[in-house]
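Enquirer: kindly return the folded structure for what I paste below:
(6 chains)
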Protein chains: 4
Amino acid sequence: MKAKDGDDQDARTFTQQARRAQIVQAAIETVAEVGYPNTSFSKIAQRAGLSSTGMISYHFARKPELFAEVVNTILRAAGDITATRMRTAATYRAKLRAYIESNFEFIARHPAYTQALVEIVTGIRFRDTTSLGGLEKAVVSVDGLTDFLSEGRAAGEFGRFDSFTMAVSIRGAIDNFLRQHMFDGDLDIARHGREVADIFDLCTRPGAGASN
Amino acid sequence: MKAKDGDDQDARTFTQQARRAQIVQAAIETVAEVGYPNTSFSKIAQRAGLSSTGMISYHFARKPELFAEVVNTILRAAGDITATRMRTAATYRAKLRAYIESNFEFIARHPAYTQALVEIVTGIRFRDTTSLGGLEKAVVSVDGLTDFLSEGRAAGEFGRFDSFTMAVSIRGAIDNFLRQHMFDGDLDIARHGREVADIFDLCTRPGAGASN
Amino acid sequence: MKAKDGDDQDARTFTQQARRAQIVQAAIETVAEVGYPNTSFSKIAQRAGLSSTGMISYHFARKPELFAEVVNTILRAAGDITATRMRTAATYRAKLRAYIESNFEFIARHPAYTQALVEIVTGIRFRDTTSLGGLEKAVVSVDGLTDFLSEGRAAGEFGRFDSFTMAVSIRGAIDNFLRQHMFDGDLDIARHGREVADIFDLCTRPGAGASN
Amino acid sequence: MKAKDGDDQDARTFTQQARRAQIVQAAIETVAEVGYPNTSFSKIAQRAGLSSTGMISYHFARKPELFAEVVNTILRAAGDITATRMRTAATYRAKLRAYIESNFEFIARHPAYTQALVEIVTGIRFRDTTSLGGLEKAVVSVDGLTDFLSEGRAAGEFGRFDSFTMAVSIRGAIDNFLRQHMFDGDLDIARHGREVADIFDLCTRPGAGASN
DNA sequence: TATGAATGAGTATTCATTCAT
DNA sequence: TATGAATGAATACTCATTCAT
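Expert: Model prediction:
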């Protein structure tokens, strides 16, 4: 009779899952449109066609639980595209290009998702532990990318550089392009994806390395 | 008498300007400490030692006007450091390194400023009515950096790349490092500044260029 | 089929009665634990192992109907103890002592009941529409005790006093001890029961009486 | 710009004190009419003629702060009457009578106050520390009365009895009469005050004492 | 200028109750 | 009977803004 918390989605009925998904979707669109700080339960409820905010509270025990699911949903969607594209690439260099370009592809395919993600991630207090229950860490994290770069370097496909710094730079380049796109709207996403891939293809080349 | 809007600071008395600066300073510190969504007029007033939030409303017609000035203040401070450092560098390549490293220096020297900037920029919607009056464009903009890169390429100091894409990547790398730093706290800022400069020094080298 | 109201328990099936009793029990425990204002249908349902608050609404037409039954249940339990103990006493004086001490015994044996009763009785307004349907009268009433004292006086076992005033005093002494006990927790209930009995044994003595 | 907490009433302006008193008064009346659990900020605001509940929050930082002041106000009013009447009495026995009768006088003179007090005291969870900040202890407490009875016994004016038990009984008799009065309304308060005083005059007589 | 009182819309969350299944 | 989804009003509390002084 109360909203469950955590990730035991199996325990939820089909109807519950559908409603939750509907609310999450409305939340994403709302955040994308009016920004995270201006996103209230009533706006979400209105967009979702719910009769009252009570319906949201019925399905999500607390506000952070809703936004945790929102972030999770977006991250899963982005991860799916990226993982698929990287798997089909043979070399580390090709995988890096696949990573970068698939991120741009996601931006193009799910503009609201990317926009919402940026809003939430930076809108949420970083040290605020009550917010998303560690999920904000997952969003900011470049751990996976760092490891990937280290592996590639170990395999001799990349040059000399600090994996973490490079990962932060790559991720930052992608995210900042997203911000530019949110602002401008009419950028050629695919082309810029290729260009960014070019840039980091260049500075990760074997043989090349920090010279000072 | 009503609060003025915009940039006609000349019309303001010395006392007015001092009060505004005091409020802006308190706003920056408050945002840095509690985050943009938790920043209220009363918290700012408290920190500024004002007896009433009415004082803020008296000096700033609307909430966005205050935060526009906040952003302006921060941007000016950051721009000062960067411009000075770049001026003393002789070559375009050296200037680029100066640009990157001075940005990291700003992060180290004014943590509250950088933190507040990140909070506000993403806390405020980009194209809505309550926004910062064109200022968010200035925040996101990489026009200056783009032009600089183009000049450098024309001068033959840089390789083949799209100036805008490169500018977005550089700016994104810096900003993402800032985010990581806000999250982690104990990163070696100067070292990472040098490493990021190394990375982009590498991929802007003359002779090098996009290969596909 | 709709939930019945009032006292026609005969019309209810065995299952219905069992469910009602189960809910009433859960309500008592809940009130005793978290207090009347914090007692909600969902908390009661949870404690009763019901899957939905709808189940409560199904068995009790309105919230006051549930709490009327709660009060009734408690009153009946208290009345049982008191009546039994009084019956075994021979004289009116002994019966009065039995009444007082058995009330303290009830407090000791059913702390949750007494606690819940106090919470509910003062939590529910006396003359409003959402009340307990005359039951609050039964709770407050000292009619039975008044009559008993009058009979005792007629039998010559008690002294000169106003029966109603004495009844109110006796009942008040007991109830206030209960309040103190709820506050303190570690009072010697049986001992205080005897002492209160002593006090009223003293001032109901024949020969003694109001002197002004 | 925020409501002050605690008891530093000196720090408040005249207007603030007046508003607070007005709100407290409205709160008392509201509690007396609809009961403590049904008393909400909006009902109080309505009765006080305030435009919104925000006005209450402006003057009282938190709900318990308001009700603490309510209880304080009532206790002060009751204490004034009682203290005055007791001071003019010469002997301990006379003082006890004064205590009892002045309590009844208070009931007669301030029916809303007494009613509200009963509602709040028993409506509030006893162990709930967040409620009135220890004030509920003051309300329930019979320490003063207990001490007074002990002194009187030491002075030889009273008989043998446990001071605490007697104090609880006296206070309980008074409070229960109040409850009866809230229910009935047309009791002769002064007369019952005298009768209750008679009762306890009787059982506190020197020479008399517990006999078992 | 500056104060502080006031406003009214806003927030998330809880609640008893209803109802289709 | 029983479930759980849904409703809509209610809760205390916060906020930017206004305004008389």
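Enquirer: residue contacts, A:Leu96?
Expert: A:Leu96 is in contact with A:Phe148, A:Leu149, A:Gly152, A:Ile170, A:Ala197, A:Phe200, A:Asp201, A:Thr204, counting by CB atoms under 8 Å, 6 or more residues apart in numbering or on different chains. C-beta here means a position set from N, CA and C on the backbone, and glycine is covered the same way.
Enquirer: what is the burial count for the fifth one?
Expert: The one in question is A:Ala197. 23 (other CB atoms under 10 Å in any protein chain shown).
Enquirer: how far off centre is the helix or strand of chain A with the lowest mean pLDDT?
Expert: Sorting the helices and strands of chain A by mean pLDDT, DSSP states H and E puts helix A:135-140 at the bottom, at a mean of 76. Offset of helix A:135-140 from its chain centre (CA atoms, centre = their mean, to the nearest Å): 9 Å.
Enquirer: and that helix, what does it pack against?
Expert: When contacts are defined as 3 or more CB pairs under 8 Å, 6 or more residues apart in numbering or on different chains; DSSP states H and E, helix A:135-140 sits against helix A:63-87, helix A:111-123, helix B:163-184.
Enquirer: put the alpha carbons of that helix into PDB.
Expert: This file holds the C-alpha atoms of helix A:135-140, laid out as PDB (Å, rounded to 0.1, in the frame of the first residue of the first chain):
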ATOM      1  CA  LEU A 135      23.700   7.800  -8.300                       C
ATOM      2  CA  GLU A 136      25.100  11.300  -9.000                       C
ATOM      3  CA  LYS A 137      28.500   9.600  -8.500                       C
ATOM      4  CA  ALA A 138      27.600   7.200 -11.300                       C
ATOM      5  CA  VAL A 139      26.700  10.100 -13.600                       C
ATOM      6  CA  VAL A 140      29.800  12.200 -13.000                       C
END
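Enquirer: buried stuff in it?
Expert: Residues A:Leu135, A:Glu136, A:Val139, A:Val140 are the ones in helix A:135-140 that count as buried (16 or more other CB atoms under 10 Å in any protein chain shown).
Enquirer: before we move on, what about stretch A:34-44?
Expert: A:Val34, A:Gly35, A:Tyr36, A:Pro37, A:Asn38, A:Thr39, A:Phe41, A:Lys43, A:Ile44.
Enquirer: does chain B sit close to it?
Expert: Yes. Counting by CB under 8 Å from any CB of the partner chain, chain B has neighbours in stretch A:34-44: A:Val34, A:Gly35, A:Tyr36, A:Pro37, A:Asn38.
Enquirer: mean confidence for that stretch?
Expert: Averaging pLDDT along stretch A:34-44 yields 91.
Enquirer: stretch A:80-88 now?
Expert: Mean predicted lDDT for stretch A:80-88 stands at 95.
Enquirer: buried residues in that stretch, which are they?
Expert: Applying a neighbour-count criterion of 16+ other CB under 10 Å, one finds A:Ile81, A:Thr82, A:Arg85, A:Met86 buried in stretch A:80-88.
Enquirer: same question for stretch A:171-189.
Expert: Buried residues in stretch A:171-189, counted by 16+ other CB under 10 Å: A:171-182, A:187, A:189.
Enquirer: out of those residues, which one has the lowest pLDDT?
Expert: When the buried residues of stretch A:171-189 are compared, the smallest pLDDT is that of A:Met182, 79.
Enquirer: let me see the contact set for A:Ala108.
Expert: A:Ile189, A:Ala190.
Enquirer: revised request: answer the last question for A:Val140.
Expert: Contacts for A:Val140 were tallied using CB under 8 Å, 6+ apart; they are A:Val121, A:Phe126, B:Arg179, B:Gln180, B:Phe183.
Enquirer: skipping its backbone neighbours, what lies nearest the third one in space?
Expert: Leaving aside its chain neighbours, B:Arg179 sits nearest to A:Val140 (6.1 Å; criterion: CB to CB, 6 or more residues apart in numbering or on different chains).
Enquirer: swap in the fourth one?
Expert: Closest residue to B:Gln180 in three dimensions, ignoring its sequence neighbours and counting by CB to CB, 6+ apart: A:Val168, at 5.7 Å.
Enquirer: list the contacts of the one you found.
Expert: A:Val142, B:Ala173, B:Asn176, B:Phe177, B:Gln180, B:His192, B:Val196 are the contacts of A:Val168 under CB under 8 Å, 6+ apart.
Enquirer: same check, this time on A:Val142
Expert: A:Phe164, A:Ala167, A:Val168, A:Ile170, A:Arg171, B:Gln180.
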